[in-house]
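*Asks:* let me see the structure of the following:
(one chain, ligands or ions: 1)
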Amino acid sequence: MGGKKIAINTGGGDAPGLNAVIEAVVMSADRRNWEVYGIKNGYAGLLNTNEIVRLTPESVRGISIMGGTIIGTTNRGNPFKMPVTSVTGETEFRDVSDKVVENFRRLGFDCLIALGGDGSLKIAYDFFKKGMPVIGVPKTIDNDLGGTVITFGFDTAVSIATEAIDRLHSTARSHDRVMVVEVMGRHAGWIALNSGLSGGADVILIPEIPFDIDKVCKHIMANELHGRHYAIVVAGEGAAPVGGTEIAKGKGEAGRQELLLGGVGEYVAKEISSRTGKDTRSLVLGHLQRGGSPTTFDRLVSLRFGAAAVRMIEMKNFGKMVALDPPEMKAVPLEDVIGKIRKVPLNSDNIQTAREMGVCLGD
Ligand code: F6P
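*Replies:* Sure thing, here's the model as predicted:
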């Protein structure tokens, strides 16, 4: 079965493990005598066709340990809604998807492997509906995609956040302070819950549980009675007070699908400080959570996702996403996954463990 031409792109925010998927796709395809081409910066490479690079075993060997993506990514390049500046200087949105399909066909590609989160996989699915054979690979540090038990990039983000929380204990203890750490995760609390629990946080605030700031303060002050004069609070960026809404920094750049969340850590710190009188500081971990080398877990699962995606091409299993269903990889229809953010189930074992450990979840 020789001669296939595979295109691969990476969309949305980068996540540790993207390069490992690329390496596995190229190596597995090469074994079958197939060629792989990297489409640069999401779909930009299929609009401006000099932004396509041939990926060979020589060019990708060893990249699995590297963070980021060697072919670039963007979270504002939706070809169905491409931002363009009009003559009056206004931003307009145009559907340039036909051009993408036309270039894909003209270049003789047999399949596109799209590495992305919910937004990018929705675009991939829309191209599938236009007749393009696509396969999705679940990428996001937020771990908020359904159909798979985990997305790649999440384990690395949790490890980085846990290490940061570990480091805050000594400085918080030295100053008898409350430290509030804001972590990423959008509308799901996976990063906050898992890193907060592993890092020994006193309070963990997640989007799934609206928090009561009085209860948070009460918990912190109860610690004082037990001789613990410092506290660590972990807040997922999408956490919101009871009756309130998520705090956002704005819409971000033109063409971006999602609000840019951020600010809940500072809000919570101010409330704690004014209500308890305790010295309180806040910090935002931000993009540190996406940077650097993937963990062993992310590397391995990404290599497995990449190899499984190539097997799916062999079986002509298009319009599907590779998913981890331990111990196996399976294929799930993209339409069953997109638009359904996977949140932390309130009856999950991690939530129960947090409660049994005496962690305040803000309720
Ligand atoms: O979806 C991944 C993510 O890192 C979110 O956790 C975060 O809200 C968002 O992307 C940040 O986006 P940007 O990289 O555009 O600032």
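*Asks:* use CA for all of it now, contacts and neighbours both
*Replies:* Will do.
*Asks:* quick check: next helix or strand after the longest helix along the chain?
*Replies:* Counting by DSSP state H, the longest helix found in the chain is helix 154-175. Using DSSP states H and E, the helix or strand that follows helix 154-175 in sequence is strand 178-183.
*Asks:* re the thing from before, counting by contacts, list what the longest helix of the chain packs against.
*Replies:* Secondary-structure packing of helix 154-175 (3 or more CA pairs under 8 Å, 6 or more residues apart in numbering; DSSP states H and E): strand 178-183, helix 190-198, strand 231-236, helix 296-314.
*Asks:* go through it and flag the buried ones.
*Replies:* Across helix 154-175, burial judged by 16 or more other CA atoms under 10 Å covers 154-162, 164-166, 168-169, 172-173.
*Asks:* hmm, it in reach of the ligand?
*Replies:* No - residues of helix 154-175 contacting the ligand under CA under 6 Å from any ligand atom: none, with a closest distance of 9.3 Å.
*Asks:* what helix or strand is Phe104 located in?
*Replies:* helix 97-106.
*Asks:* could I get that helix in CSV with only the CA atoms?
*Replies:* The C-alpha coordinates for helix 97-106 follow below in CSV (Å, rounded to 0.1, in the frame of the first residue of the first chain):
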residue,chain,number,x,y,z
SER,A,97,-12.7,26.9,3.4
ASP,A,98,-13.2,26.1,-0.4
LYS,A,99,-9.8,27.3,-1.1
VAL,A,100,-8.3,25.0,1.6
VAL,A,101,-10.2,22.0,0.1
GLU,A,102,-9.1,22.9,-3.4
ASN,A,103,-5.4,23.2,-2.4
PHE,A,104,-5.6,19.9,-0.4
ARG,A,105,-6.9,18.1,-3.5
ARG,A,106,-4.6,19.8,-5.9
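*Asks:* and it, what does it pack against?
*Replies:* Here helix 97-106 touches helix 44-47, going by 3+ CA pairs under 8 Å, 6+ apart.
*Asks:* quick revisit: with respect to the ligand, which of the helices and strands packed on helix 154-175 lies nearest?
*Replies:* Nearest to the ligand among these is strand 178-183; the distance by CA to the nearest ligand atom comes to 7.9 Å.
*Asks:* ok now the longest helix of the chain, how far from the chain's centre?
*Replies:* With CA atoms, centre = their mean, to the nearest Å as the basis, helix 154-175 stands 20 Å off its chain's centre.
*Asks:* now stretch 138-145
*Replies:* 4 Å.
*Asks:* which outside residues touch that stretch?
*Replies:* Contact with stretch 138-145 is made by 13-16, 18, 115-118, 148, 150-157, 184-186, 188, 190-191, 290, 321-323, 337-338, 340-343, as judged by CA atoms under 8 Å, 6 or more residues apart in numbering.
*Asks:* would that stretch count as contacting the ligand?
*Replies:* Yes - using CA under 6 Å from any ligand atom, stretch 138-145 reaches the ligand at Thr140, Ile141, Asp142.
*Asks:* which among those gets closest to Lys278?
*Replies:* Of all the residues of stretch 138-145 next to the ligand, Asp142 has the smallest distance to Lys278: 31.6 Å, by CA to CA.
*Asks:* now stretch 134-148 - C-alpha only, PDB.
*Replies:* Presented in PDB, the C-alpha positions along stretch 134-148 are these (Å, rounded to 0.1, in the frame of the first residue of the first chain):
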ATOM      1  CA  VAL A 134      -9.600  13.800   8.300                       C
ATOM      2  CA  ILE A 135      -8.500  12.200  11.500                       C
ATOM      3  CA  GLY A 136      -8.300  14.100  14.800                       C
ATOM      4  CA  VAL A 137      -5.900  13.700  17.700                       C
ATOM      5  CA  PRO A 138      -7.000  15.000  21.100                       C
ATOM      6  CA  LYS A 139      -4.700  17.800  22.200                       C
ATOM      7  CA  THR A 140      -5.200  20.200  25.100                       C
ATOM      8  CA  ILE A 141      -3.600  20.900  28.500                       C
ATOM      9  CA  ASP A 142      -7.200  21.500  29.700                       C
ATOM     10  CA  ASN A 143      -8.200  17.800  29.400                       C
ATOM     11  CA  ASP A 144     -11.700  18.900  28.500                       C
ATOM     12  CA  LEU A 145     -12.400  16.700  25.500                       C
ATOM     13  CA  GLY A 146     -14.800  13.800  25.700                       C
ATOM     14  CA  GLY A 147     -14.400  10.400  24.100                       C
ATOM     15  CA  THR A 148     -10.900   9.800  25.500                       C
END
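*Asks:* do a quick rundown of the helices in this protein.
*Replies:* Under DSSP H, the chain gives helices at 18-31, 44-47, 57-60, 97-106, 118-129, 154-175, 190-198, 213-225, 264-276, 296-314, 334-337, 349-356.
*Asks:* tabulate these (JSON lines), appending distance to Thr74.
*Replies:* Shown next, in JSON lines, are these (distance: least, CA to CA, whole Å):
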{"stretch": "helix 18-31", "distance to Thr74": "13"}
{"stretch": "helix 44-47", "distance to Thr74": "9"}
{"stretch": "helix 57-60", "distance to Thr74": "21"}
{"stretch": "helix 97-106", "distance to Thr74": "16"}
{"stretch": "helix 118-129", "distance to Thr74": "10"}
{"stretch": "helix 154-175", "distance to Thr74": "19"}
{"stretch": "helix 190-198", "distance to Thr74": "22"}
{"stretch": "helix 213-225", "distance to Thr74": "36"}
{"stretch": "helix 264-276", "distance to Thr74": "25"}
{"stretch": "helix 296-314", "distance to Thr74": "20"}
{"stretch": "helix 334-337", "distance to Thr74": "21"}
{"stretch": "helix 349-356", "distance to Thr74": "33"}
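*Asks:* tell me which helix or strand of the chain sits lowest on mean pLDDT?
*Replies:* Sorted by mean pLDDT, DSSP states H and E, the helices and strands of the chain end with strand 82-85, the least confident at a mean of 86.
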